[in-house]
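In: Would you be able to build a 3D model of this:
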Amino acid sequence: MELGLNGKVVVVAGGSKELARAIAVELAREGAQVAIFSRDSAYLDQTAQEVGQNGGKLFASLADITDEAQVIAFMNKVASDFGGIDVLVNCAGRTNPDTFANLSDEGWAADFDVKLLGMVRCTRAALPHLRRSRAARVINVNSVLGLRPQPEFTSSSAIRAACIGLSRTLALQFAADNILVNSVNVGFMEAQHWQKAWMRSGKQITIEQFTEGLTAEVPLGRLGKPEEAAALIVFLAGSRSSYITGASFDVSGGMLGLAADQWLTNEVIYANEDREQHGAGQRAPAALCDQPRSPGLRRGADQPASG
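Out: The predicted structure follows:
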């Protein structure tokens, strides 16, 4: 399928490691001119190498998404060198697992600065250039946690909900300029950041148990591949998506397809187990109390949903 991306200038803002790399590679395969920034020079070198192996070229630059001056300078440099910006993919993220009781102001602020304000800074800096494009797109990579919160990811659940709200708001505001804005909400994907999340969780369980706890949340029974999310993002960047704006797409292996009573039942069981095993006010790690049902769908006592 021809997506109409040949020669288009696409900025992938913020380095979400595996996912951002997969997006850059897929865009290059479609003939897009891709620009990406990150604070990690080794990551940029590896991404440039993979893009080159797939027949594309990458403009890569070191920049910090929390520094507005650096973001503005990067966008202006891309627009100057390539003659404009057609598509912005906001793809910055960080993993900060913790419960509400354990989150400090600093933890909240760090998450907010990268996820929501990072999206704001990049969109604001790219907006003058996007307005001059005849096929402008903004694709915000969010998390399914914004729609289906997880207690172990309190700040991400709250802030990603705000990011989804921002996407819908911008779609309404930018429609007059023919700038299409959509949100892609990814679920649990294969990524190195889960190793960091496990380490931050205190390593009360093995990494294998931690991963099993994640996949127990997914009806398909596995973590997603970055390329699976990248395929949708690249489609939304192209001409075939010309009548889609203000939409929210989930790439989560069916996490949002479960009935609400299944999640409520699990939460009651979590609460009971937490009081018995960890004391009042504490929550057991998800992997200790999640029991998967075949083929990955779970319910509190392995009972089928009624109705």
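In: Does the helix or strand that contains Gln70 pack against any helices or strands, and if so which?
Out: Using DSSP states H and E, the element containing Gln70 is helix 68-82. In terms of contacts (3 or more C-beta pairs under 8 Å, 6 or more residues apart in numbering; DSSP states H and E), helix 68-82 is packed against strand 9-13, strand 33-38, strand 58-62, helix 105-130. C-beta: built from backbone N, CA, C; applies to glycine.
In: which regions of the chain sit below the pLDDT cut-off?
Out: The chain contains residues with pLDDT under 70 at 15-16, 194, 196, 200-203, 258-307.
In: Could you pull out the strands in it for me?
Out: For the chain, applying DSSP state E gives strands covering 9-13, 33-38, 58-62, 87-90, 137-143, 180-186, 248-251.
In: where's the second one relative to the chain centroid, distance-wise?
Out: Relative to the mean C-alpha coordinate of its chain, strand 33-38 is positioned 17 Å out (C-alpha atoms, centre = their mean, to the nearest Å).
In: list the helices and strands that strand packs on?
Out: strand 9-13, helix 18-29, helix 41-53, strand 58-62, helix 68-82.
In: Adding mean neighbour count and distance to Arg21 as columns, could you present the strands of the chain in a markdown table?
Out: Output for those, formatted as a markdown table (neighbours: other C-beta atoms under 10 Å; distance: least, C-beta to C-beta, whole Å):
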| stretch | mean neighbour count | distance to Arg21 |
| --- | --- | --- |
| strand 9-13 | 28 | 9 |
| strand 33-38 | 26 | 9 |
| strand 58-62 | 18 | 10 |
| strand 87-90 | 28 | 12 |
| strand 137-143 | 27 | 13 |
| strand 180-186 | 26 | 14 |
| strand 248-251 | 19 | 16 |
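In: JSON lines for those, including distance to Leu170?
Out: As requested, the strands of the chain are exported to JSON lines (distance: least, C-beta to C-beta, whole Å):
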{"stretch": "strand 9-13", "distance to Leu170": "14"}
{"stretch": "strand 33-38", "distance to Leu170": "21"}
{"stretch": "strand 58-62", "distance to Leu170": "25"}
{"stretch": "strand 87-90", "distance to Leu170": "10"}
{"stretch": "strand 137-143", "distance to Leu170": "7"}
{"stretch": "strand 180-186", "distance to Leu170": "5"}
{"stretch": "strand 248-251", "distance to Leu170": "12"}
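In: Nearest to Ala101, out of the ones you listed?
Out: strand 137-143 (21.5 Å; C-beta to C-beta).
In: who does the closest one pair up with?
Out: strand 87-90 (parallel), strand 180-186 (parallel) (DSSP bridges).
In: Just send the ones you listed back as JSON lines, with distance to Trp108 too.
Out: Listed next are those as JSON lines, based on distance: least, C-beta to C-beta, whole Å:
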{"stretch": "strand 87-90", "distance to Trp108": "20"}
{"stretch": "strand 180-186", "distance to Trp108": "21"}
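In: Compare those and give me the one nearest Ala32.
Out: Ala32 lies closest to strand 87-90 among the strands paired with strand 137-143, at 7.6 Å (C-beta to C-beta).
In: Show me how far the closest one is from its chain's centre.
Out: 13 Å.
In: going forward can the numbers begin at 8, since that is how I track them
Out: All right, first residue 8 from here; so that's strand 94-97.
In: what does that strand contact?
Out: Strand 94-97 has contacts (C-beta atoms under 8 Å, 6 or more residues apart in numbering) with 15-21, 30, 39, 125-126, 129-130, 133, 137, 143-148, 240, 244.
In: repeat that with 6 Å
Out: Residues outside strand 94-97 that contact it (C-beta atoms under 6 Å, 6 or more residues apart in numbering) are Val17, Val18, Val19, Ala20, Met126, Cys129, Ala133, Arg144, Val145, Ile146, Asn147, Ala244.
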